[in-house]
Structures are given as C-alpha cells and as structure tokens.
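Chemist: Pasting the sequence and the predicted model now:
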Amino acid sequence: MKYNFDEIINRTHTSSMKWEEYKGSDIIPMWVADMDFKAPPPVLDTLQQSIEHGIFGYTLIPDGLNEIIIENLYVLYKWKIEKEWLLWTPGVVSALNVACAVCGRPSDKIVTTTPVYPPFFAAPSNNGKFLATVPMVEINQRATLDFDALEKEFKNSSTSLFMFCSPYNPGGTVFTNQEINRLVELCAEHNVIICSDEIHSDLILDRDKHHIPTASVSKTAAKQTITLMAPSKTYNIPGLGASFTIIPDENLRNKIKFRMRGIVPEVNLLGLFAAKTAYTECHEWLEQLISYLGKNRNIVYSKINKMPGCRLNPIESTYLAWIDVRGTRLDDPVAFFEKAGVGLSDGKFFGQKGFIRLNFGCPRSVLQEGLKRMENALGKR
Ligand SMILES: Cc1ncc(COP(=O)(O)O)c(C=O)c1O
C-alpha cells in the first residue's frame, strides 16, 4: 500500500469533537463519524498552498470544480447533471434543514426511517414541521425500507418530504435499483419530495455493490429529489464544511436558493479547494482507503459476532458498525463499554435503544485494542 493508514496520529489537543469527549482518560473514542486518518496528501498540499498564500477572502466556486463533479457523477453512475442544478452548502445537515423548511405547509409531516442519523429527527421541528418515523425492517440480515409501512404513513396524513439516507447510516445498507425505484414510485404517487442524503456514497465496501443516486433512476426521480453529497466523509475533511446539493427541478431549486439567502453562508476557500483536489487527484488514495476499511470491517464483523450477547449484520458500506447488544441485557451499554475503555455512540440517539454504533475508521491496531477491551469486559461479567 502506498498510503499508510496504520499510522497513529495524536488528535488530543486539536479540539477534536471525537477526542475531547474523553480527554485525559484511557477511553478510545470510536463514536463521531470522522476517521483517524490524515486527509489524502494531494489535499494536504492544496491546503498548504492556500495557507502559504495567506489570504482567506470571500471565494467563488473554483474553476473546474463543478465540471469535475459533473464528470464524476457521469463516470460513476451514468448520471448526467446540469451545472445549474448544483448548489454548494457549508454542510449536508444545513441543506437537509433547508429542504425541511421549503417543502410543504407548516402543518405537514416529514417522514424518515429509524434508526437514523440523529439530525434527521431535529430537522422537521427546527423548521416548523412534524416528524413521523417508520422503522426499517430486517430481511436476511439486511436492513431495508418497509414499503407497506411507508405507504400507510404517506396515506395517513399530508406528507411533504421523505428524508432518505442512502447509503444508510447506521447499518450501511446500499439500496438496490429495485428498492430505489419502488421508493420513487411510492413518493411520486403521494406527491412526496425525497431529500436523499448520499454523503456516504463513496464508501461502498462490498465490491459487488454499487451506489445508485436516487435522482438518477428516472425522470420522475430527478424531478422530485433533492440530492445531498459531499467529499467530507470520503476524504476525511468534514471539519472543512464543503458539500453540494443537486436539484434538477427548477422550481424546487429556486425555492431552496431563496430560503438559503442571507442565512446559509458560502462555502469557505479551504473547503472548496480541498474538494476540487479530492475529486480530481485522490482516486488511488480512495481505492486504498476502501480496501483498508474493508479489512477493518471484516475484523469487526467476525469479532463482534463472537462476543456474548452481541450481533452484527454484514456491513455493505460506511465505516460504522451498528451492533445489536440487546442480548447482553446491559442497562446502559455505552457506560459499560466506556468503563472498559471504549467510547461508542448510543443507539437511543438514533431511535433504537439496545444498539451501539462503532466507528472503525481508525488504524487497525487501535481497532483491535478497542475490540479486545470490549471482548474482555463482556467476558468478565
Ligand atoms: C447521513 C449523514 N448526513 C450528514 C452528516 C453530516 O454532514 P455535515 O457534516 O456535512 O453537515 C453525517 C455525518 O455523520 C451523516 O452520517
């Protein structure tokens, strides 16, 4: 491997959200979704050049950045988008909130599935709307959408928006063409816009699985979908706040643009230049990252499934393992594993108590130490 993902980089004293939580203690943070790897070297060089230049003024979208995105989406998914469909935002969550603000009337419902990335729960009420949730179903050890329950919910009362996480966080489901088409049909039938958060789309770990952008499956899908994407998870630059939204429908796009005006700031210079370099010069780095994460995933899968009371389904994408610990009968699994020296995310914040989320985007030796601590603690009970 050309890139050294085994390197341990000290993140203490960097105000890292992930590491500050356990400052001064011997707890390995394996919670928040950023990785403990350096960003790709070409991205670091680009940032270095900006720092050396020394002026951080208001910045336009760099020449060629939108064109690179258009080309990548075509190469990866045969999805042809127009330049004017693209809007840059300083984060996916802010775009998700704008979508909730724009879609539907104040009394409308916004639907999502559970468990899900916690900011999905807050976005509707942040914007004066109601939230309704539909649990995912597990079929053959894979979480997927419960179409019947979704239909019932859409019929139940006026739903304006469906917040879709694809690939899925947590759990890592990569949705199939058939699943996405069915969702699109269902939403079209009930006049529901889809906000498709595809932030994890570059992190597909199974070589035989492929991400399919929701908006790319048909003309109907394009018309009713707001797509959210970013280089942030993929290239480990989430703190730089650069993401983009793709909205083919002009009317919807104008509403979103109008709502953002004066509230959502422009993306900063470092984020924009890092994004351009990430999408143009870092293919090899990403290939190697996927292969490294795939091996970490295999280790997590095999170790966790041997731990008493723990169950983990195969993980198709992301660096996040969604572990069912109900069999341990622990009242507070997160506190238990913290005591054992591992900091995990609590499933209750994702809408599913009895589960924990483990971030395996870290050097293998750190992962192995974390898993050993979990295993020992469960063994001693
Ligand atoms: C599904 C999903 N959407 C959005 C985000 C965060 O996006 P941003 O930091 O760009 O707001 C995350 C981070 O973990 C995520 O998992």
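Modeler: That came in fine, so what should we check first? Predicted model only: the values in this text are computed from it and were never measured.
Chemist: in this structure, which helix has the most residues?
Modeler: helix 283-304 (DSSP state H).
Chemist: Mind listing residues that contact that helix?
Modeler: Applying Cβ atoms under 8 Å, 6 or more residues apart in numbering, the set of residues contacting helix 283-304 from outside is 1-3, 5, 37, 40-42, 202-205, 234-235, 310-312, 314-315, 319, 321, 323, 358, 360-362, 364, 367-368, 371, 374-375. All C-beta spots, glycine's among them, are computed from the backbone N, C-alpha and C.
Chemist: Among these, which ones are in helices?
Modeler: Those of the contacts of helix 283-304 lying in helices (DSSP H): 41-42, 364, 367-368, 371, 374-375.
Chemist: of the residues you listed, closest to residue 59?
Modeler: residue 42 (19.2 Å; Cβ to Cβ).
Chemist: Spit out the contact partners of the closest one.
Modeler: 277-278, 281-282, 285.
Chemist: repeat that for 10 Å
Modeler: The contact partners of residue 42, by Cβ atoms under 10 Å, 6 or more residues apart in numbering, come to 235, 274, 277-278, 280-282, 284-285.
Chemist: ok, it to residue 24 distance?
Modeler: According to Cβ to Cβ, to the nearest Å, residue 42 stands 35 Å off from residue 24.
Chemist: just residue 336 next, same as before
Modeler: Taking Cβ to Cβ, one finds residue 336 at 20 Å from residue 24.
Chemist: now residue 49
Modeler: 36 Å.
Chemist: So these two - more neighbours on which side?
Modeler: residue 49 (11 against 7; other Cβ atoms under 10 Å).
Chemist: what secondary structure does the more buried one sit in?
Modeler: Under DSSP: H, G, I helix; E, B strand; the rest coil, residue 49 falls in the helix class.
Chemist: Let the chain start at 661 from now.
Modeler: Right, with 661 as the first residue, what we last looked at is residue 709.
Chemist: In terms of pLDDT, where does it sit?
Modeler: As predicted, residue 709 sits at a pLDDT of 98.
Chemist: Stretch 818-827: how far from the chain's middle?
Modeler: Averaging C-alpha positions (Cα atoms, centre = their mean, to the nearest Å) puts stretch 818-827 15 Å from its chain's average.
Chemist: That stretch close to the ligand?
Modeler: Yes. Applying Cβ under 6 Å from any ligand atom, one finds stretch 818-827 touching the ligand at residue 825.
Chemist: Count residues in the vicinity of the residue nearest to residue 842 when sequence neighbours are not counted, would you?
Modeler: Leaving aside its sequence neighbours, residue 842 sits nearest to residue 807 (Cβ to Cβ, 6 or more residues apart in numbering; 5.9 Å). Residues lying near residue 807 (other Cβ under 10 Å) number 15.
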